[in-house]
Each structure stands twice: as C-alpha cells, then as structure tokens.
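Asks: generate a structure from the sequence data that follows.
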Amino acid sequence: MQFSENSRVWVYQSDRKLSDREAQQIQIQLDNFATGWTAHNNQLKAKAEIRYHRFLILIVDESQAGASGCSIDKSVNFIKQVEERFGVNLLDRFNLAYREGDEVLSAPRHDFEAMLKQGSINTNTIVFNNMVQNLKELQTKWEVPFKDSWHIQLFKDLVPE
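Replies: Residues are numbered from 1 along each chain as shown. Predicted structure coming up:
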C-alpha cells in the first residue's frame, strides 16, 4: 500500500525499550487496530509500525477518509490499553528520546536537562521530534540534531551560544 507524504502521523514513545517479544505482540495489536480503524463507519487507510523497539507510529492516508475526533479518540484509547497491558508509558511528552551511538535512549525532562548541563547531550546529539505531523516530516524531521529540534526552545537557557 502506498501512502501519501501528507498522511497524518502520530508517534507514541515508550519510556523504555520494548523486548523483542513485546514488540512482536504489540505489532500484532497495532496491525489489528489499523485494519479495523474507522472514522464515521468509513475504513481508514491506516498502518502502524514500531521503530527502534521504542516508538509506536500510526499513519493515516486521509485521501480516502479523514481521521475524525472520534477515530483519534479510538487510537488514544487503544494506546492506553497497550500501556496497561505492557506496563509502559506511551503518552509522556516530556520523556525525551535521543541517540547515544547506535542506541536510542530516553530520559525524563529533568534528567535530560542534567545531561545537557554535564555535556553528555549537546547541540549535535540526535533527538526525536515526536511532534511530526505527516509522513514527509517523519522521514525528514523526526530524527534531527538537538540544535534543529523544538527541544532547543525548551532548553535554550542551558545551551551555550
């Protein structure tokens, strides 16, 4: 299935790395959810994937049917069920993900701030912009250097000019 680069995207980040088994089980649930996802009784052209054993990504190509408030509520309820079943937090927007070598890690805001002060995270550290809105942004603006992300606004007082 081809998806337009304008397809809407929702990124949910786990507060920990998922095990292989968890990722497999969650992917099955994601596939089932995407297949049955509707808006006003119209089937959505949707798919879902897990990246880096940490990010659950829902994608909807709205060219045939748009995601409505009700359908978005369904997706949030589904995500809450995944949280409960697997003991992960997927809705904390201040659990910040970053790369350390090949590893994708995350930290609560205060820990991220401390690492920034210590210099273990700097303006070139790759961070994940989970606020991306569409597939094109997911491909081009999701994994970006700290200096090019929204994170720089949040922590600008800690970044040397």
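
Asks: what is the burial count for the residue lying closest to L58 once chain neighbours are set aside?
Replies: Leaving aside its sequence neighbours, L58 sits nearest to W10 (CB to CB, 6 or more residues apart in numbering; 4.5 Å). All C-beta atoms are positioned from the backbone trio N, CA, C, and that covers glycine. Neighbourhood size, W10 [other CB atoms under 10 Å]: 18.

Asks: and the residue lying closest to V9 once chain neighbours are set aside, how far from K117?
Replies: Distances taken as CB to CB, 6+ apart place L138 nearest to V9, at 5.0 Å, with adjacent residues excluded. According to CB to CB, to the nearest Å, L138 and K117 sit 30 Å apart.

Asks: more crowded one of the two?
Replies: For L138 versus K117, neighbours defined as other CB under 10 Å are more numerous around L138 (21 against 11).

Asks: the more buried one should be in a strand, yeah?
Replies: No. Read with DSSP: H, G, I helix; E, B strand; the rest coil, L138 is helix and lies in no strand.

Asks: how about the contacts made by it?
Replies: Applying CB atoms under 8 Å, 6 or more residues apart in numbering, we find L138 in contact with V9, V11, I57, I59, V132.

Asks: tell me what the first one is bridged to.
Replies: With DSSP bridges as the criterion, V9 is bridged to I59.

Asks: could you check how far it is from N129?
Replies: With distances taken as CB to CB, V9 is found 11 Å from N129.
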